[in-house]
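>>> Just to be clear, the model below is a prediction. Sequence and coordinates:
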Amino acid sequence: DTEVTQTPKHLVMGMTNKKSLKCEQHMGHRAMYWYKQKAKKPPELMFVYSYEKLSINESVPSRFSPECPNSSLLNLHLHALQPEDSALYLCASSQASGRTREQYFGPGTRLTVT
Amino acid sequence: QKEVEQDPGPLSVPEGAIVSLNCTYSNSAFQYFMWYRQYSRKGPELLMYTYSSGNKEDGRFTAQVDKSSKYISLFIRDSQPSDSATYLCAMSYYGQNFVFGPGTRLSVLP
């Protein structure tokens, strides 16, 4: 089973809302990732969680906040987003952060900020 | 110069054609070379990865890496309309430092 699940599939939120995106994998992977993908662009890495340690792309604004409740779950908390944050948010996992060559992606959450 | 370059397409071919998709890169430290397929509004799907130079085949797909030229290719034989998607190359070194190419949109016409 190489499945990564993400909920919700679609999300529309206002700029003052707080919402969360959820990601789950049951492959026993120890590294999980959040990516942001704008239309006709490749995914851009936002965060990496590996063995409960967080690595951050320093260009990601603080209105995005990741949380890893356990090794199979990864959340992305959203607060005070801007319309330019509208994008497809992808979760991925791999056996370890040193095994990025075998990342498995979820279907994504399509986020629209109004 | 971008770290990884890829012709964005769109590339349109007739069904049954052999498709060649390519990426060039500038960082000679890259060791692993991946190809992902992404259908519209879906997440990327890993097709295959190759370590260092050489060829790797999986069904209708063949990946080639030429590190001396900093050039990688994905060949699709007997292309099908279901192969219509965006193809993203990606590469990494030291197991991390993962970079996607910009992607090539492919349309296989029935």
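Looks like it came in fine.
>>> May I ask which helix or strand of chain B has the lowest mean pLDDT?
strand B:96-100 (a mean of 82; mean pLDDT, DSSP states H and E).
>>> average model confidence for the helix or strand following that strand?
Moving toward the C-terminus from strand B:96-100, the next helix or strand (DSSP states H and E) is strand B:104-109. The pLDDT scores in strand B:104-109 average 96.
>>> Only the buried residues of strand B:104-109, if you could.
B:104, B:105, B:106, B:108 (16 or more other C-beta atoms under 10 Å in any protein chain shown). To be clear about C-beta, it is placed using only N, CA and C from the backbone, and glycine gets the same treatment.
>>> what are the bridge partners for the second one, then?
Under the criterion DSSP bridges, residue B:105 forms beta bridges with residue B:86.
>>> how about stretch B:28-47 as CSV, C-alpha atoms only?
The C-alpha trace of stretch B:28-47 is given here as CSV (Å, rounded to 0.1, in the frame of the first residue of the first chain):
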residue,chain,number,x,y,z
SER,B,28,27.0,17.9,-10.8
ALA,B,29,26.4,16.7,-7.2
PHE,B,30,22.9,15.3,-8.1
GLN,B,31,23.0,11.5,-7.6
TYR,B,32,19.4,10.4,-7.9
PHE,B,33,17.1,11.2,-10.8
MET,B,34,13.4,10.7,-10.6
TRP,B,35,10.4,11.0,-13.0
TYR,B,36,7.0,11.8,-11.8
ARG,B,37,3.7,11.8,-13.7
GLN,B,38,1.0,14.3,-12.6
TYR,B,39,-2.5,14.2,-13.9
SER,B,40,-4.6,17.4,-13.8
ARG,B,41,-5.6,18.2,-10.3
LYS,B,42,-3.9,15.2,-8.8
GLY,B,43,-0.7,14.6,-6.8
PRO,B,44,2.5,13.6,-8.6
GLU,B,45,3.0,9.8,-9.0
LEU,B,46,6.5,8.4,-8.9
LEU,B,47,7.3,6.5,-12.1
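>>> wait, what's in contact with the most centrally placed residue in chain A?
Centroid-nearest residue in chain A, with C-alpha atoms, centre = their mean: residue A:34, separated by 2.8 Å. Counting by C-beta atoms under 8 Å, 6 or more residues apart in numbering or on different chains, residue A:34 makes contact with A:23, A:45, A:46, A:47, A:64, A:66, A:74, A:76, A:89, A:90, A:91.
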